[in-house]
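In: here's a sequence, model it:
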Amino acid sequence: MAIWEQPELLSGTVLMPSGGDAKPEVSVGILHTGEVTMEWAMRTALVFMHFHTMKKNFIYLCSKNAPYDVSRESIARTTLDAGCKYLFFLDSDVLIPVNTIEILMEWSQQFKAPV
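Out: This is a model prediction of the structure:
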């Protein structure tokens, strides 16, 4: 049996910031391969801290050791099961500005279109 056929081994810890029993609004799916740079680790920590300042409930799901398509599908299914409105994939070789997800959410609402 391949490791990606065991989802409980692939998903990272589900982080629910304080906010009561509210469902998470955003899911951040992280696909990871190899090593990450210190810059990526710090930037990602700042992205998560920004979510706390926005008072948004979110979860993050990590997947590694599986083909990309399997990882993305596994994360998407977990996101749907959690009832999240938004899903953002962040690969471990991409740096984003701290407010990227917030801006994409605003555009989605402003233009009434999925981003």
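
In: which residues touch the closest residue to Lys85 other than its chain neighbours?
Out: Counting by CB to CB, 6 or more residues apart in numbering, Glu25 is the residue found nearest to Lys85 once chain neighbours are left out, at 5.2 Å. Glycine gets a C-beta too; all of them are placed from N, C-alpha and C. Going by CB atoms under 8 Å, 6 or more residues apart in numbering, Glu25 touches Lys56, Asn57, Phe58, Cys84, Lys85, Tyr86.

In: surely the second one and Pro24 touch.
Out: Translated: Asn57. Yes - under the contact definition of CB atoms under 8 Å, Asn57 touches Pro24, with a separation of 4.5 Å.

In: between the two, which is the more surrounded one?
Out: Pro24 (23 against 20; other CB atoms under 10 Å).

In: three-state assignment of that one?
Out: Assigned with DSSP: H, G, I helix; E, B strand; the rest coil, Pro24 falls in the coil class.

In: which ones are touching it?
Out: Taking CB under 8 Å, 6+ apart, one finds Met16, Asn57, Phe58, Ile59, Ala82, Gly83, Cys84 in contact with Pro24.

In: correct me, but the fifth one touches Ile59?
Out: Put plainly, it is Ala82. Yes - using CB under 8 Å, Ala82 is in contact with Ile59, at 5.9 Å.

In: ok, these two, which is more surrounded?
Out: Using other CB under 10 Å, the more surrounded residue of Ala82 and Ile59 is Ile59, with 22 against 18.

In: what does the more buried one show for phi and psi?
Out: For Ile59, the backbone dihedrals (degrees, to the nearest 10) come out as phi -130, psi 150.

In: does it have beta-bridge partners, and which?
Out: Beta-bridge partners of Ile59, counted by DSSP bridges, are Ser27.
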